[in-house]
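1. Sharing a model prediction with you, sequence too.
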Amino acid sequence: MQETMKDYEKELEASFRKIQEGDVIKGTVIGVNEEEVTLDLKYYTQGIIKASEMSNDPGFSVLNDVHEGDVIEASVVKMDDGQGNILLSRKEANEVLAWDVLESYQEQKKNLTVKVSEVVNAGVVAYLEGVRGFIPASQLALSYVEKFDEYQGKTLEVRVITVDREKEKLVLSAKEILREKAKEEHDHKVAMIVPGTVLEGIVESLQPYGAFIDLKDGLSGLVHISQISQRRIKKPSEVLKVGDKVKVKVLNTNDGKISLSMKALEEMQVEEVEKIDVKQYGSSESLGTSLGDLFAKLNIK
């Protein structure tokens, strides 16, 4: 078979390519062992990255974290390592490239998985893109965390919230993602509640504008002051106190908020009384039966 110029394109391209010390170049992993990683640079010689030059992350493992076919960017340290290979450093390249990647993560608000490698006084440490990142105690969970030992070695889903290249400062947060997930779960529960449903709850707080009712399962709703009673009141405490058990009707569940009414239940009870056929009461009963007597017979609470 006759060879053509196309068969030599890669070789020609490699022969014209110039690589110098300090350059950041890409290569495909073609070999991995405990001591080093070998890269195909599409050049006349291969690239070698010593295991110690792969990452600053103390939890990094060459054998576990690098695989054949991976594409790696690294800095040229020496054009000849003494055996005809180009000596590279991923750590050096990372000091330049990682911050660009971290800034893009921050802009995208990307969810990332990291493993806690160290527990410190005010939080924990995890490495991202080979850079030491700090997760403050206030950003570990939805509530403030006082004891960090249980986080050692734990895998967390985080977002980048601070990137300061000059000060080499990287701050991560798990709280942002947890807050969003909690809101999604809450909104889903609220959406499952059908308007018109009658629920039972406990008065958890009183405000000038109404009462918040604990409906259990992490849900609470507001009875606006205008929906507390059929009679006009100036403040909720005229009718309610914290800890009272009440029945409420769901008016709506707009924007993840539950709007409730006690007044609507009172109106329903009155309507039920009005529908009673007075004829069902015998002549032995007084024709002057009061509304209170009717309520008593209906056993309305």
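-> In hand now; what should we look at? Numbering: from 1, shown residues only.

2. so what's the nearest residue to Q46 once chain neighbours are set aside up against?
-> Leaving aside its chain neighbours, Q46 sits nearest to N85 (5.2 Å; criterion: CB to CB, 6 or more residues apart in numbering). Using the backbone N, CA and C atoms, a C-beta is placed for each residue, glycine as well. N85 makes contacts with 38, 45-48, as judged by CB atoms under 8 Å, 6 or more residues apart in numbering.

3. just E34 next, same as before
-> Applying CB under 8 Å, 6+ apart to E34 gives the contacts 51, 62-63.

4. could you measure it against S52, distance?
-> 11 Å (CB to CB, to the nearest Å).

5. again with K263
-> K263 is 74 Å from S52, by CB to CB.

6. Show me the strands in the stretch 1-150 of the chain, by range?
-> Secondary structure of the stretch 1-150 of the chain (DSSP state E, counting those that start in this stretch): strands at 24-32, 36-40, 47-50, 71-78, 86-89, 112-120, 123-128, 131-136.

7. Now render those strands as TSV, adding distance to S220, mean neighbour count and mean pLDDT.
-> Compiled in TSV, these are given as follows (distance: least, CB to CB, whole Å; neighbours: other CB atoms under 10 Å; pLDDT from 0 to 100):
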stretch	distance to S220	mean neighbour count	mean pLDDT
strand 24-32	54	17	91
strand 36-40	55	20	93
strand 47-50	56	23	92
strand 71-78	51	18	89
strand 86-89	56	24	91
strand 112-120	33	16	92
strand 123-128	31	22	93
strand 131-136	29	20	93
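
8. Could you check stretch 257-271 and say which residues are buried?
-> For stretch 257-271, burial by neighbour count (16 or more other CB atoms under 10 Å) applies to 258-266.

9. among those residues, which one has the lowest pLDDT?
-> Sorting these by pLDDT puts E266 at the bottom of the list (80).

10. give the contact list for it.
-> Per CB under 8 Å, 6+ apart, neighbours of E266: 229-230.

11. Send over stretch 124-139 as CSV, restricted to the C-alpha atoms.
-> Presented in CSV, the C-alpha positions along stretch 124-139 are these (Å, rounded to 0.1, in the frame of the first residue of the first chain):
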residue,chain,number,x,y,z
VAL,A,124,-12.9,22.0,57.8
VAL,A,125,-10.6,21.8,54.8
ALA,A,126,-11.2,20.2,51.4
TYR,A,127,-9.2,20.4,48.2
LEU,A,128,-10.8,21.5,44.9
GLU,A,129,-8.8,21.5,41.7
GLY,A,130,-5.7,20.9,43.8
VAL,A,131,-6.3,24.1,45.8
ARG,A,132,-6.8,24.1,49.6
GLY,A,133,-10.4,25.2,50.3
PHE,A,134,-11.9,26.2,53.6
ILE,A,135,-15.5,25.5,54.6
PRO,A,136,-16.4,27.6,57.7
ALA,A,137,-18.5,26.2,60.5
SER,A,138,-21.3,28.5,59.4
GLN,A,139,-21.3,27.0,55.9
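
12. The residue nearest to Q46 and F60, how far apart?
-> Distance of N85 to F60, computed by CB to CB: 22 Å.

13. Could you do F148 as well?
-> F148 is 22 Å from F60, where distance means CB to CB.

14. between the two, which one's more packed in?
-> Between F148 and F60, F148 has the larger neighbour count (other CB atoms under 10 Å), namely 19 against 15.

15. Give the closest residue to the more buried one in space, chain neighbours not counted.
-> V119 (4.5 Å).

16. Next, name the residue at the spatial heart of the protein.
-> The centroid of the chain falls nearest to I177 when counting by CA atoms, centre = their mean (1.5 Å).

17. Determine how far stretch 172-189 lies from the middle of the whole chain.
-> How far stretch 172-189 lies from its chain's middle: 5 Å, per CA atoms, centre = their mean, to the nearest Å.

18. Mean confidence (pLDDT) on that stretch, please.
-> For stretch 172-189, the per-residue pLDDT averages 93.

19. returning to that earlier point: would you list the strands of the stretch 1-150 of the chain in TSV and tack on distance to P236?
-> Shown next, in TSV, are these (distance: least, CB to CB, whole Å):
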stretch	distance to P236
strand 24-32	66
strand 36-40	69
strand 47-50	69
strand 71-78	63
strand 86-89	68
strand 112-120	46
strand 123-128	42
strand 131-136	39
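
20. Since that was my last question, I'll sign off now.
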